[in-house]
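Visitor: Quick one: sequence and predicted model below, then my questions.
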Amino acid sequence: MALCLFFGVVNIAFIGLEIMTDDDPQVMRVSNAWSRLDLILTIIWTFMIRNRINQIRTGGGHWVNGLLTLILGPFYIQYKINRMIDNIHEAEQVAEPDASSGSR
């Protein structure tokens, strides 16, 4: 995770460097190579998270699809994590007795 964050920050720095150097060809080559490496690491990280979610899932309906992971990446992973959290909260609400129907 920290490595992906580092690569993302350096990628943004290269964008600034490209702007300041008026698109110098050498800077562009290094920036393009760095961007490709950042993309590859992001895809690897996303699939690592996907595999972990698929290993720890406790109920049905949370299987993380590989094709959608590849296409949508971190956005799809975040969506699936949010769905899992929502389902946990819903299950807790169903398990709790309703306070208004309690005996007096």
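Guide: On my side now, so go ahead.
Visitor: C-terminal to the helix or strand of the chain with the lowest mean pLDDT, which secondary structure element comes first?
Guide: Between all helices and strands in the chain, the lowest mean by mean pLDDT, DSSP states H and E belongs to helix 2-20, at a mean of 77. Using DSSP states H and E, the helix or strand that directly follows helix 2-20 along the chain is helix 25-56.
Visitor: quick one: contacts for Gly8?
Guide: With contact set as C-beta atoms under 8 Å, 6 or more residues apart in numbering, Gly8 has these partners: Asp38, Thr42. For glycine as for every other residue, the C-beta is placed from the backbone atoms N, C-alpha and C.
Visitor: so what's the backbone phi/psi at the residue positioned nearest the centre of the chain?
Guide: Centroid-nearest residue in the chain, with C-alpha atoms, centre = their mean: Pro74, separated by 2.7 Å. Torsion angles at Pro74 (phi, psi; degrees, to the nearest 10) stand at phi -60, psi -30.
Visitor: for Thr21, same thing?
Guide: Dihedral angles for Thr21 - degrees, to the nearest 10 - are phi -100, psi 10.
Visitor: Give me the pLDDT for it.
Guide: Listed pLDDT for Thr21 reads 83.
Visitor: which ones are touching it?
Guide: Thr21 neighbours (C-beta under 8 Å, 6+ apart): Val27.
Visitor: Many thanks, we can stop here.
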